[in-house]
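Peer 1: Provided below for reference: sequence and predicted model.
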Amino acid sequence: MGKVEAPSWLSRQRVRESVRTSNYAGWGMYDSAIESYQKSFQGVLEGIDIISWTQSKNTLTVIDLMSSTEAIASIFESASWDKHRLGLAVSLEDARSDLQKERDKGLNVEKLDGDIVLPSTWKKIKKKLKGHRADLIMERAVGGIDTLPKDFGFYEFIISKTWEMLNENGMLLLQAPGFGRWGGFKISRWAKSLRRNNINVVFDHDNYAIKLVKTPDSPGKLPF
Ligand SMILES: C[S@@+](CC[C@H](N)C(=O)[O-])C[C@H]1O[C@@H](n2cnc3c(N)ncnc32)[C@H](O)[C@@H]1O
């Protein structure tokens, strides 16, 4: 089935015009569409176009951590409507305009208000997934990173949690400044261990980007 056009009052342009424009709540970059993520993760994507990649999936579940629903909505707007699709954006606030909320309902994109530092938020994410695993999990928090603990153990917690929620052939795209510089952690040794465990891993040290892909032979738990 081909792409079904959204009603004109929910057209991408109308919805984006309804978005607050600059420096929302002091976060600076906010409500970015997927094209902006594509640029940030270019160094690890190895030629993958995120939208085309999602369109190759039979069903699609996408999680965007520390973000509004905008990036997921921009993916779903470009895919056909006959697939099972679920999107979940997790952040501290829900600052969507009424048009964004209406659009998200039609696309099956949900907004979960929660602090990713808290285990209770991860329980809520799992509940929302209703047994589905995610094909794509993204985190491009930019300034939001400043709120997070500067602690390797915290990143280990987040990366392990997201890995467990990832589907076979699923992709994890994370922005992680400081990762690998704390607690004597040797990132190159970790990368070798991941590759030995059939996990596709790419780092872009200049842009703090990490990509992990779960292959059919990858372990359920991520080695650290
Ligand atoms: C710069 S903005 C959003 C960036 C967005 N991904 C984009 O590219 O447009 C940072 C986001 O991080 C979220 N955030 C900050 N600390 C958080 C936390 N501890 N748990 C969940 N979300 C958090 C904020 O609520 C905010 O939505």
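Peer 2: Cool, the structure landed.

Peer 1: For the rest of this, base every contact and every neighbour count on C-alpha atoms.
Peer 2: Fine.

Peer 1: Name the residues linked to the spatially most central residue of the chain by a beta bridge.
Peer 2: Nearest residue to the geometric centre of the chain (CA atoms, centre = their mean): residue 138, 1.8 Å. Bridge pairing for residue 138 (DSSP bridges) gives the partners residue 64, residue 173.

Peer 1: if I pick it, what's in contact with it?
Peer 2: Applying CA atoms under 8 Å, 6 or more residues apart in numbering, we find residue 138 in contact with 62, 63, 64, 65, 172, 173, 174.

Peer 1: same question, residue 47
Peer 2: When contacts are counted by CA under 8 Å, 6+ apart, residue 47 is found next to no other residue.

Peer 1: Using the three-state scheme, assign it.
Peer 2: Reducing the assignment to helix, strand or coil with DSSP: H, G, I helix; E, B strand; the rest coil, the entry for residue 47 is coil.

Peer 1: Give me the local confidence score for the residue nearest to the centre of the chain.
Peer 2: On the pLDDT scale, residue 138 is placed at 98.

Peer 1: In this structure, mark out all the helices, start to finish.
Peer 2: Chain-ordered helices for the chain, with DSSP state H as the definition, fall at 12-17, 34-40, 42-45, 50-55, 70-76, 98-107, 119-129, 152-165, 187-196.

Peer 1: Looking at these, which one is packed in the most?
Peer 2: Comparing those by mean neighbour count (mean count of other CA atoms under 10 Å), helix 70-76 ranks first with a mean of 23.

Peer 1: So which residues make contact with it?
Peer 2: Applying CA under 8 Å, 6+ apart, the external contacts of helix 70-76 come out as 31-34, 37, 51, 54, 62-64, 85, 87-89, 104, 107, 109.
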